[in-house]
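1. when you get a sec, could you give me coordinates for this:
(one chain, ligands or ions: 1)
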Amino acid sequence: MAAGNSFFGFVRGFEFRDSESIMEIIKCSLSEYYTKSLILDLYKTWPEAFIVYDNYDSVIGFIIGAKYSGTEGRILLFAVKKQFRRSGVGQNLLSRELRVMSGAGLSTVRLEVRTDNESGIKFYKNNGFSIISTLKNYYSDLSDAYLMWKII
Ligand code: ACO
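-> Okay, here's the model as predicted:
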């Protein structure tokens, strides 16, 4: 599916009214706990890199990026509601995020993903990311992460 808008929704910037939807997606899709104030702090740090997918009814996915260095971006949080997965929503969100990052002068991007997150790893490999290393005991439950990286 092409990046940008699609037949059942569109990507747009995060707005404060989206906060509750984002917290709900986080609760259902991610295993770490994040507070609303952390999410709003991330938004304030780089508003253009906080992107949501709106299906004209509600927010069904989001991605938050950050600057890791002067040349490298980082995907911090990324999830799509379970019932809307495998429909290109994640692809649309990531494509927009990478355009924001490259437009800001960044040339590479990194992220961490649980080593047992098969669908996430497949998604990122499909998008040109490579596993660079394993980060032992990276998460609060002491499970490991892969560090993945891509030139943009
Ligand atoms: N199995 C195999 N390949 C997959 C899978 C899967 N479960 N999911 C995505 N892919 C690959 C496929 O090649 C797919 O294309 P296709 O459906 O035409 O074959 C391609 O990725 C694009 O998939 P999308 O439909 O655009 O992805 P989706 O909307 O499902 O979102 C996401 C992907 C965000 C990883 C979703 O699975 C999700 O929310 N997972 C739970 C949360 C999560 O793991 N987030 C990432 C954590 S790491 C971090 O945040 C830095």
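
2. flag every residue of the protein that's near the ligand.
-> Within the chain, the positions adjacent to the ligand are 29-30, 75, 77-80, 85-91, 111-113, 117, 119-120, 122-123, 126 by C-beta under 6 Å from any ligand atom. Any C-beta I mention is one placed from the backbone N, CA and C, and that applies to glycine too.

3. hmm, which of these are the buried ones?
-> 29, 75, 77-80, 85, 87-91, 111-113, 120, 123 (16 or more other C-beta atoms under 10 Å).

4. can you tell me the helix or strand for the residue in the chain positioned nearest to the ligand?
-> Of all residues in the chain, Gly90 sits closest to the ligand, at 2.4 Å by C-beta to the nearest ligand atom. Here Gly90 sits within helix 89-103, counting by DSSP states H and E.

5. what sits up against that helix?
-> With C-beta atoms under 8 Å, 6 or more residues apart in numbering as the test, helix 89-103 has contacts from 1, 3-6, 9, 11, 48-49, 51-53, 60-63, 65, 73, 75, 78, 80, 109, 123, 127, 152.

6. who are the contact partners of the residue positioned nearest the centre of the chain?
-> The chain has Phe78 as the residue nearest its centroid, 2.6 Å off, counting by C-alpha atoms, centre = their mean. By C-beta under 8 Å, 6+ apart, the contact list for Phe78 reads 62-64, 90, 93-94, 111.

7. pLDDT of the helix or strand containing Ile63, averaged?
-> Element membership for Ile63, per DSSP H and E: strand 59-67. In this model, strand 59-67 carries a mean pLDDT of 98.

8. burial count for the nearest residue to Met148 once chain neighbours are set aside?
-> Among residues not flanking Met148 along the chain, Phe129 sits closest, at 4.2 Å (C-beta to C-beta, 6 or more residues apart in numbering). As a burial measure, Phe129 scores 22 neighbours (other C-beta atoms under 10 Å).

9. hmm, Phe129 is touching Trp149, no?
-> Yes. At 6.5 Å, Phe129 counts as touching Trp149 under the criterion of C-beta atoms under 8 Å.

10. buried residues, the helix holding Gly90. List them.
-> 89-98, 100-101.
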